[in-house]
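>>> show me the folded form of this:
(one chain, ligands or ions: 1)
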Amino acid sequence: MYSIPRGTAAITGASSGIGAVFARRLAARGHDLLLHGRREHLLAALCQELAATHGIRATYVLAELSTEEGVRAVEERINAIPDLAVLVNNAGSGSLGNFTEEAVDEHQALVHTHVMAAVRFMHAALTGMRTRHAGAVINVSSVAGFLIGPRNAAYCASKAFLTSFTESLHLELHGTGVHVQALCPGFTISDFHARLGYDTSGDFFRKFMTAEDVVDQSLRALEREKVVCITGAKYRFGLLFIPRFIPRRMFYWLVRVTRDAKWLRHAGKRVRR
Ligand SMILES: NC(=O)c1ccc[n+]([C@@H]2O[C@H](COP(=O)([O-])OP(=O)(O)OC[C@H]3O[C@@H](n4cnc5c(N)ncnc54)[C@H](OP(=O)(O)O)[C@@H]3O)[C@@H](O)[C@H]2O)c1
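Model prediction:
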């Protein structure tokens, strides 16, 4: 059974959703925090609340991770933490749109945020962790990384990268005292879908898993040294069989009919803003 070492936790995308819950859970365990995001009012309020409630030190850094400059700003802050115990690479957003209909800069921004930022932050964190023989990195990937997504190609591919990268690092880090996890949530209640323009007040969205459940499953799985944590039994079961064992042509058909399903279009009706 692995025990997360004492020290500071750095969490990207901590202003809402899964990242904010990681901040709450890790603060409750006594970790000092470096939080990242772009919405300053949310980060400032969270730092203030968690410092007052748990007697920890909490600071934040604002940065746009789709830019080189933003990534460097966070990387510098991670490098400057002498007792980094946990890094949670969580910042991310969704995409909706056919590849050629969206500007290529949009795709690049998503890949930069999910992939380049995470790789640089992992490198910064793991270098020190290896020297200290202690620490953990959680990369918030997605069940989408096991799937394919028409109108969501960059998202699915970037999450597949994160999961695969994490599993390779797990083998590299064997015996070093440092642990890595790819956290693969399914649909989760957060700001994620509202930002994509969905009206999230309907029943469809209320049935999603809570961010609290996702984070608790992740931390329990880390303690059990689980490398890939898929949250929710239905996702674990579905992903075990569907993409792996059915013929690829049937898989494409299944993805196509699911994408076009009336119930899904109705449930996830986008609102114009
Ligand atoms: N919700 C789901 O159904 C679901 C399912 C599977 C995986 N995930 C993954 O879970 C992670 C967290 O998402 P969430 O569901 O908690 O959504 P969320 O509530 O929208 O939180 C996303 C966080 O990422 C930050 N962020 C997004 N794009 C950024 C950028 N370009 N530069 C800097 N910060 C950025 C946001 O910062 P600001 O708002 O402050 O700008 C926010 O703190 C994401 O990686 C997402 O892909 C979510």
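>>> please report how far residue 6 lies from residue 64.
31 Å (C-beta to C-beta, to the nearest Å). For the C-beta atoms, the positions are set from N, CA and C on the backbone; glycine is no exception.
>>> pLDDT below threshold where in this protein?
For the chain, the stretches flagged by pLDDT under 70 are 261-273.
>>> flag every residue of the stretch 151-273 of the chain that's near the ligand.
For the stretch 151-273 of the chain, the contact set with the ligand under C-beta under 6 Å from any ligand atom comprises 185, 187-188, 190-192, 195.
>>> hang on, the earlier thing: if you count what's nearby, which of residue 6 and residue 64 comes out ahead?
Legend: neighbour count by other C-beta atoms under 10 Å for residue 6 and residue 64, higher for residue 64 (15 against 12).
>>> and the more buried one, how far from the ligand?
Separation of residue 64 from the ligand (C-beta to the nearest ligand atom, to the nearest Å) stands at 5 Å.
>>> restricting to C-alpha, output stretch 236-251 in PDB.
Output of stretch 236-251 as PDB, limited to C-alpha atoms (Å, rounded to 0.1, in the frame of the first residue of the first chain):
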ATOM      1  CA  ARG A 236     -14.500  -0.100 -16.700                       C
ATOM      2  CA  PHE A 237     -16.700  -2.900 -18.000                       C
ATOM      3  CA  GLY A 238     -17.500  -1.200 -21.300                       C
ATOM      4  CA  LEU A 239     -13.900  -0.200 -22.100                       C
ATOM      5  CA  LEU A 240     -12.700  -3.600 -21.300                       C
ATOM      6  CA  PHE A 241     -14.800  -5.200 -24.000                       C
ATOM      7  CA  ILE A 242     -16.000  -2.800 -26.600                       C
ATOM      8  CA  PRO A 243     -12.900  -1.300 -28.100                       C
ATOM      9  CA  ARG A 244     -10.700  -4.300 -27.600                       C
ATOM     10  CA  PHE A 245     -12.700  -7.300 -28.600                       C
ATOM     11  CA  ILE A 246     -15.200  -6.200 -31.200                       C
ATOM     12  CA  PRO A 247     -14.100  -5.900 -34.900                       C
ATOM     13  CA  ARG A 248     -12.900  -2.400 -35.800                       C
ATOM     14  CA  ARG A 249     -15.600  -2.000 -38.500                       C
ATOM     15  CA  MET A 250     -18.300  -2.800 -35.900                       C
ATOM     16  CA  PHE A 251     -16.600  -0.400 -33.500                       C
END
